[in-house]
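Participant: could you work out the structure for the sequence below:
(one chain, ligands or ions: 1)
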Amino acid sequence: MIKDTRRFEPFTTSPISLIGEKGEWKGSFELELGEEELRRFHRDLIAARLLDERLILLQRSGKTSFAMQAAGHEGIQVAIAHAVKRRFDWLFPYYRDHGMVLALGVPAVEIFAENLATKADPAKGRQMPNHPGSKEFNVFTVASPIASHIPPATGAAISAKIRGTGQVVVTSFGDGATSEGDWHAGVNFAAAQGAPIVFVAENNRYAISVDLPKQTGSENIAIKAKAYGMPGYHVDGMDVLASYYVMKEAIEHARSGAGPVLVEALVYRYGPHSSADDDRLYRPREEVEHWKQRDPIERYRRFLEKQGLWDQEWEESLRAEVEKELAEALAAAEAAGPVPEVWMFEDVYAEMLWPQREQRELLEQELSQ
Ligand SMILES: Cc1ncc(C[n+]2csc(CCOP(=O)(O)OP(=O)(O)O)c2C)c(N)n1
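Facilitator: Residues are numbered from 1 along each chain as shown. Alright, predicted model coming up:
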């Protein structure tokens, strides 16, 4: 059972929202967040957007092969990074979550190096671009097959429960992922085992070109939680404060031993699905423009202004500072140099078998010509 101190009702028909269109605070409770943290949300939102833009430019300039855009998703992503206990709780994100990973504290140089496959990449250049992970920050490396990270996330949460560590797992995914068998297996098992895990759907209404009505017959995603026996929250994922408070409550619920929670965060992706997609073929431009009016960064900026915590000068210095940090991180990632091709043979077997030895030799011969 959820404790009586809860602020939000599960299964609301419209998404929970705390910041109005003009930036007004709509909550019925005190903010309880200091000025520094409120400002930090803004910095992290901006950093997420600017990182996203840089990753796209890297693909456009031929430095990396692939990019996934996250603009429009920043509210829920930054909220998750602020709601978890950093370096203690575990995160199992998906490929659109680089803003979350950055806000969590994973160095930008590692994120760029992962995209560029340079020696500064902790994954040694073996991942697809936009698939970060971090041992130091308890971030499970992103898995490409949709929803395949859900059963392992549940496993990690069951492990934390058995060992009594007090850790919570937060895993995120798109709306399309909720149609996968892996998703249902993982969510069901978590509820049956009372695992301390929060499942977060970043519902941007599209799985590439497949829109939500073709994905599910349910009235929304949060309601699916009812059948599994857990609370389901429906939140405006472009409202960073609503997302933060809902995530706080969900994480607290899971940590208290009351079992898992499902959160549906309503977002919109401004760009195409990936650098290999043309979204003009399936989305009207007016729809994209409509959602941009609800931009998480602009809405939060208005909120800060209403609170007397924002002015143009601060905004400009903040953006310049973040731009500089990202430029330096990118330069450091590039300076590390590309990973040697032969690294692909390492870390698989304790002792390399003859086929790998032979293949490695052949590759080395080829490369030396
Ligand atoms: C099992 C599997 N099937 C298909 C794909 C190809 N694929 C990559 S992303 C994607 C769409 C996923 O949509 P959603 O879960 O809604 O997340 P979004 O990309 O919209 O954020 C698909 C079908 C895949 N990676 N894995």
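
Participant: of all residues in the stretch 201-350 of the chain, which one is closest to the ligand?
Facilitator: Shortest the stretch 201-350 of the chain-to-the ligand distance, computed as CB to the nearest ligand atom: residue-wise this is residue 207, at 3.2 Å. For the C-beta atoms, the positions are set from N, CA and C on the backbone; glycine is no exception.

Participant: which residues does that residue contact?
Facilitator: Applying CB atoms under 8 Å, 6 or more residues apart in numbering, we find residue 207 in contact with 174-177, 179, 215.

Participant: what about those residues, which are in strands?
Facilitator: Counting by DSSP state E, the contacts of residue 207 place residue 174 in strands.

Participant: got a quick PyMOL command for the buried subset of the contacts of residue 207?
Facilitator: Buried residues among the contacts of residue 207 (16 or more other CB atoms under 10 Å), as a PyMOL selection:
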select buried, resi 174+175+176+177+215
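
Participant: so which of the contacts of residue 207 reach the ligand?
Facilitator: Restricting the contacts of residue 207 to those within reach of the ligand (CB under 6 Å from any ligand atom) leaves 174-177.

Participant: export stretch 146-157 as CSV, just CAs?
Facilitator: Provided in CSV are the C-alpha atoms of stretch 146-157 (Å, rounded to 0.1, in the frame of the first residue of the first chain):
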residue,chain,number,x,y,z
ILE,A,146,13.7,-3.0,-27.7
ALA,A,147,12.7,-3.9,-24.1
SER,A,148,15.4,-6.5,-23.8
HIS,A,149,16.8,-4.5,-20.8
ILE,A,150,13.5,-4.9,-18.8
PRO,A,151,14.0,-8.5,-17.5
PRO,A,152,17.6,-7.7,-16.5
ALA,A,153,16.4,-4.5,-14.7
THR,A,154,13.8,-6.6,-12.8
GLY,A,155,16.5,-9.1,-12.0
ALA,A,156,18.8,-6.4,-10.6
ALA,A,157,15.8,-5.1,-8.5
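
Participant: name the residues of it that are buried.
Facilitator: By 16+ other CB under 10 Å, the buried positions in stretch 146-157 come out as 146-147, 149-157.

Participant: next step: those residues restricted to helices.
Facilitator: Using DSSP state H, the members of the buried residues of stretch 146-157 that fall in helices are 150-157.

Participant: near the ligand, which residues of the stretch 1-150 of the chain?
Facilitator: By the rule CB under 6 Å from any ligand atom, the part of the stretch 1-150 of the chain lying against the ligand is 96, 144-146.

Participant: going through those, which ones are buried?
Facilitator: The neighbour count (16+ other CB under 10 Å) marks 96, 146 as buried among these.

Participant: JSON lines for the residues of the stretch 1-150 of the chain next to the ligand, including pLDDT?
Facilitator: JSON lines is the format used below for those (pLDDT from 0 to 100):
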{"residue": "96", "pLDDT": "98"}
{"residue": "144", "pLDDT": "95"}
{"residue": "145", "pLDDT": "98"}
{"residue": "146", "pLDDT": "98"}
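
Participant: turn the residues of the stretch 1-150 of the chain next to the ligand into CSV, columns for distance to residue 88.
Facilitator: Converted to CSV, these look like this (distance: CB to CB, whole Å):
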residue, distance to residue 88
96, 24
144, 27
145, 28
146, 28
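
Participant: mind listing what residue 251 touches?
Facilitator: Contact partners of residue 251, counting by CB under 8 Å, 6+ apart, are 83-84, 89, 168, 170, 198.

Participant: and if we set it to 7 Å?
Facilitator: Taking CB atoms under 7 Å, 6 or more residues apart in numbering as the criterion, residue 251 is in contact with 83-84, 168, 170, 198.

Participant: how far is the helix or strand that contains it from where the chain is centred?
Facilitator: Assigned by DSSP states H and E, residue 251 falls within helix 240-255. On the basis of CA atoms, centre = their mean, to the nearest Å, helix 240-255 sits 15 Å off its chain's mean C-alpha point.

Participant: after it, next one along is what?
Facilitator: Per DSSP H and E, the first helix or strand lying C-terminal to helix 240-255 is strand 261-266.

Participant: stretch 153-172: end-to-end distance?
Facilitator: The straight-line separation of the ends of stretch 153-172 (CA to CA, to the nearest Å) is 10 Å.

Participant: state the mean pLDDT of that stretch.
Facilitator: What stretch 153-172 shows for mean pLDDT is 98.

Participant: next: stretch 211-231.
Facilitator: So the average pLDDT for stretch 211-231 ends up being 97.

Participant: CA atoms only for that stretch, dumped as PDB, please.
Facilitator: Taking C-alpha atoms only, stretch 211-231 is exported to PDB below (Å, rounded to 0.1, in the frame of the first residue of the first chain):
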ATOM      1  CA  ASP A 211       1.600   5.700 -33.700                       C
ATOM      2  CA  LEU A 212       0.200   4.800 -30.300                       C
ATOM      3  CA  PRO A 213      -3.300   3.800 -31.400                       C
ATOM      4  CA  LYS A 214      -1.700   1.100 -33.500                       C
ATOM      5  CA  GLN A 215       0.500   0.000 -30.600                       C
ATOM      6  CA  THR A 216      -2.100  -0.600 -27.900                       C
ATOM      7  CA  GLY A 217      -5.800  -0.900 -27.300                       C
ATOM      8  CA  SER A 218      -5.400   0.500 -23.800                       C
ATOM      9  CA  GLU A 219      -6.600   4.000 -23.100                       C
ATOM     10  CA  ASN A 220      -3.100   4.800 -22.000                       C
ATOM     11  CA  ILE A 221       0.100   3.100 -20.800                       C
ATOM     12  CA  ALA A 222      -0.200   3.800 -17.000                       C
ATOM     13  CA  ILE A 223      -3.400   1.900 -16.800                       C
ATOM     14  CA  LYS A 224      -1.600  -1.300 -17.800                       C
ATOM     15  CA  ALA A 225      -0.100  -1.300 -14.200                       C
ATOM     16  CA  LYS A 226      -3.500  -2.100 -12.800                       C
ATOM     17  CA  ALA A 227      -3.600  -5.600 -14.300                       C
ATOM     18  CA  TYR A 228      -0.100  -6.300 -13.000                       C
ATOM     19  CA  GLY A 229      -0.900  -5.100  -9.500                       C
ATOM     20  CA  MET A 230       1.000  -1.900  -9.100                       C
ATOM     21  CA  PRO A 231       0.300   1.800  -9.100                       C
END
